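In: Whatever this is, show me its structure:
(3 chains)
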Amino acid sequence: MATEQNIPSAAEWEDIPAEKFQIIGTDDFSGDIIARPKVGYWADAWRRLRENKIALVALFILLLMIVMVIVGPYISGYAFEEIDTEAINQTPNAEHWFGTDSLGRDLFSRVWQAGRVSLAIGVVGAVVASVVGCIYGGIASYFGGIVDDIMMRIVEVLLSIPYLIIVILISVVTDSKSIGTMMLALTLTGWCGIARLVRGQMLQLKSQEYVLAANALGVSPMKIIMRHMIPNTIGIIIVAITFDIPGYIFSEAFLSYIGLGIQPPDTSWGALASAAQQNFMFYPYQLFFPSLMIALTMLSFTLLGDGLRDALDPKLRK
Amino acid sequence: MFKYILKRIGYMLVTLFIIATATFFMMHSIPGDPLGAMANKLPEQAKANYYAKYGLDKPKTEQYAIFMKNLITNGDLGESLKYPGKSITDTLLTNSKVSGAIGGLALAVGLAIGVTLGIVAALNKNKWPDYLVMFIAILGITIPVFVLAALLQYVFTVHWQILPTTGWGKPKNFVLPVVAMCFGTIATYARYLKANMLDVMGQDYILTAEAKGVSRFHIIKDHVLKNAFLPCITILGGQISGIFTGSFVIEKIFGIPGLGFYYISSINDRDYTMIIGTTIFAAALFVVAQLLIDIAYTIFDPRIRIK
Amino acid sequence: MEKENILEVKDLSVSFNTYAGEVKAVRGVSFELKRGETLAFVGESGCGKTVTAKSILRLHKAPFAVIKEGSQIICDGKDVLALNKKELCKFRGDEVSMIFQDPMTSLNPTMTVGKQIMESLRIHKGLNKKEAREEAIKMLKMVNIPSAEKRIDSYPHEMSGGMRQRVMIAMALACSPNILIADEPTTALDVTIQAQIMDLMRELKEKMNTAIILVTHDLGVVANFADRIQVMYAGQVVERGTAREIFYDSKHPYTWALLSSVPKLAKEAKQELYALKGTPPDLILPLNCCPFASRCEYCMPICKERNPFETAITDTHKVSCWLQHPNAPKVKSFYDREVQ
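Out: As a prediction, the model looks like this:
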């Protein structure tokens, strides 16, 4: 038995005027109008990122950091390498906002000066490694077959060696403590992860249906790569770089900490922390500030990376 | 599956060979030949011994051959140049027991706590336990291990004086190092497991189980946990690597005579033979661990098992 | 002899709360199902048939999906929407079962096939391990899986798509439910396997006298299988009737379009395949008109103003269309035109 209320009563049924029943059909095809305005991939990703408050805060912190490392060393009025034996090991006060170290140098300036090195190494290292990794992975996936096999075997072997051991080894061997050498050490195998990622993504894209469709429609391979594969891979690369940067910053800090890194008068956050380690019990603030900066930077990049990954994942598009 | 294991062992051997060779030649090609220089400075008798045993006066390639022969047949990594006569292999074996104890404990504790926290976070998504766990996880990931160790040391040995600052031998000495080391593992596993669990819970087969009338408790226990936990085995390798590097710092701060400690000292002492030996040893440990993990994964995941 | 109703659904409305607004996926759907009867929900993607089917087992997750006030689902006398968690778990799998579209992702990849079937049996029938295993083997044999005693310990990835779907069927029927809901069971399978699966389901429904709700977009699958068909569009039922009535005497323009788009072997070689122009309406916007108005050849001004009532052609054949109004012109089904 059908539901009663849908069977119209005689009165309801009758009171509709006859002209309402002229057939007019559908010649305007309003049915083909797309329901909502088109939103491009990047616009949608940006919108999603904006909604993620945590990622935005992280981004803000990072931008603030960048500004500070650029202007910071000039604000306090003390040069970062200026030694003042009258003022050693002062706790934070009105004159030296972060205090001073064992040679009387103003820590505020030093922390921001160190930041330049740490951030530079982090970002440049990650970007360089990523570029190398991209090219390598792209080539491997483009050629496929035995070229791909060999290239990936090499990557696998390189990846199975503990990263830090390689870094330490290179540092010891070259025995020069310049920033350049350190970068070399850090990036020598750092590109492997991204290479694998990029290659994996490209291979997956190659077999995706829309690439097959484009192929079937006669789109040239170059166009396929440019318009389909690269945009989809860039998202992953950006996220990978964002996650790699804290790794590089940490590796640099670690190296400096064990004594293989930046040497005075140059300094990095890791070097500052290392120097402060000995006096930690007595002057904890000397360790506190550089550590805080490291932690904050790593945290912000990680959170930003999380946010970016969520925003750029096309499957999460609503 | 046997074929797979054999293949992996093959790769491992190749990798180890490359590591040993690369390390050897890199060390021996340092400009200024510090190795030769140090060898020259040894007392007469020791110097004679060294030359005889390791052919330090012979060309590099011959030294390499002798080195590899010693390594493969005796597991002999040579002798320290800084402390003549001290066998590297023996030193390493003794020290790695120490590192292994702390590292293993840290890993186990980290895994247990991390996994538990991850499950709690996933089951209480967007409620306060989730935020708390994620907060802890973030701390664990971003606070550098040396800061954490220093902090713990300060709070518990200076401020509150309930634990010894440095030293080794008693259970008390274990506490702080293990805590400092396991933080990273806890953080990583909590995040990873939460993500995996949420991912699994969104799968179609969970819907099927619900449609069959399986209670939520049983769905988590019988369907979600296993599938969420499996991929965690793969990141175990990364964790082990983290424990390795963490040990360098922790052992130095807490004065623990482990592998990391000696590695750092030999670097600072520029004891090149020691550096070579330790590098190869550490790398080998790591590579073997990686292999074991891969094998474990094939055993546990039925999709890979039968190939 | 009147068979009694095993399921009665009245005025079911289901909405999804998305960031863009409330999507009213199902709007006031009502139907009944008798014991042992087969009812098919037919319609294109997005018409609400799967949402309706899943609602019977309350598989939608609040707060994302909401079954609105005023909806009623009564199964074998029980008010399904009022069941508490424990009762719901007992209800699912035992009185009503469901199988899904993609057997690869619908089975737990790390659990043997046998264990997954045994799970139902142990929960609902209280069997111990040994008994459950024997029963599971029996079920596997019933769905024509060869070497059932060995296969019971296989993993899903070791089986072909057709076999996996059979396992799903075995799992769903293990506790002899009153109703089996099949959501596009053959869509992910080869055409030849499709036929096998439908044959199997026919055989089993006769053996076990299970009522079946078959959700599909493919009218070909429905022929020779369903007793009654209900055609859905944009969250509403637009026409319902016995299989014969729908195939040979349909009254709704949408049904005509569906029937016309099934390719026929007897067609002239050069005839174009019929394709309905346009797309279904946006389900966020309120629809105070016939949902099909914007795509209907026979659209009239009244169609754009009011949702048509349901009129009865026979006891079993009902249609919601303004063409049924006495004032409307008499039109011939264009499907009939073709058949002529």
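In: hey, let's count contacts and neighbours off CA atoms from now on
Out: Will do.
In: How about the closest residue to chain B within the stretch 101-250 of chain C: what's its closest non-neighbour residue?
Out: For the stretch 101-250 of chain C and chain B, the shortest gap (Cα to the nearest Cα) falls at C:Ser106, measuring 4.0 Å. Leaving out its chain neighbours, the residue that sits closest to C:Ser106 by Cα to Cα, 6 or more residues apart in numbering or on different chains is B:Tyr205, at 4.0 Å.
In: about what we covered before: spit out the contact partners of the residue of the stretch 101-250 of chain C closest to chain B.
Out: Shown in contact with C:Ser106 (Cα atoms under 8 Å, 6 or more residues apart in numbering or on different chains): B:203-208, C:100.
In: Spit out the contact partners of the residue nearest to C:Ser106.
Out: C:105-108.
In: For it, what is the enclosing helix or strand?
Out: Following DSSP states H and E, one finds B:Tyr205 within helix B:204-211.
In: got the phi/psi numbers for B:Arg270?
Out: Here is the backbone geometry of B:Arg270 (degrees, to the nearest 10): phi 60, psi 40.
In: For A:Asn93, the count of nearby residues, please.
Out: 10 (other Cα atoms under 10 Å in any protein chain shown).
In: still on that earlier bit, go through the contacts of C:Ser106 and say which is closest to chain A.
Out: Distance ranking of the contacts of C:Ser106 against chain A, using Cα to the nearest Cα, places B:Gln203 first at 14.3 Å.
In: surely that closest one meets C:Thr105?
Out: Yes: proximity of B:Gln203 to C:Thr105 meets the contact threshold set by Cα atoms under 8 Å, at 7.4 Å.
In: residues in chain C within reach of chain A, list them.
Out: Proximity of chain C to chain A, by Cα under 8 Å from any Cα of the partner chain, involves residues C:10, C:19, C:30-32, C:277-282, C:294-302, C:309-312, C:315, C:325, C:327-329.
In: Buried among those? Make that a ChimeraX selection.
Out: Command for ChimeraX, covering only those of the residues of chain C next to chain A found buried under the criterion 16 or more other Cα atoms under 10 Å in any protein chain shown:
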select /C:10,30,31,32,278,279,280,281,282,294,295,296,297,298,299,300,301,302,309,310,311,312,325,327,328
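In: Take the residues of chain C next to chain A and keep only those in helices.
Out: Counting by DSSP state H, those place none of their members in helices.
In: Please give me every residue in contact with the closest residue to C:Val331 other than its chain neighbours.
Out: In this structure, C:Val331 finds its nearest non-sequential neighbour in C:Leu323, 7.9 Å apart by Cα to Cα, 6+ apart. Shown in contact with C:Leu323 (Cα under 8 Å, 6+ apart): C:329-331.
In: So C:Leu323: helix, strand or coil?
Out: At C:Leu323 the chain is in helix, as set by DSSP: H, G, I helix; E, B strand; the rest coil.
In: Okay, now the unreliable bits of the stretch 201-340 of chain C?
Out: Of all residues in the stretch 201-340 of chain C, those with pLDDT under 70 make up the ranges C:263-274, C:334-340.
In: Around chain B, which positions in it sit nearby?
Out: Within the stretch 201-340 of chain C, no position lies close to chain B (Cα under 8 Å from any Cα).
In: any idea which of the contacts of B:Tyr205 has the most stuff around it?
Out: Going by other Cα under 10 Å, C:Leu107 tops the contacts of B:Tyr205 with 27 neighbours.
In: Look through the chain and tell me its longest helix.
Out: With no chain named, the answer covers chain A. Identified as the longest helix of chain A according to DSSP H is helix A:107-143.
In: looking at chain C here, not the other one
Out: Per DSSP H, chain C has its longest helix at helix C:191-208.
In: rewinding a little: could you say what helices and strands the longest helix of chain A packs with?
Out: For helix A:107-143, the packing partners by 3 or more Cα pairs under 8 Å, 6 or more residues apart in numbering or on different chains; DSSP states H and E come out as helix A:53-75, helix A:145-159, helix A:179-187, helix A:191-206, helix A:230-257, helix A:269-278, helix A:284-312.
In: among those helices, which is nearest B:Ala149?
Out: Comparing the helices and strands packed on helix A:107-143 by their distance to B:Ala149 (Cα to Cα), the top pick is helix A:269-278, with 10.5 Å.
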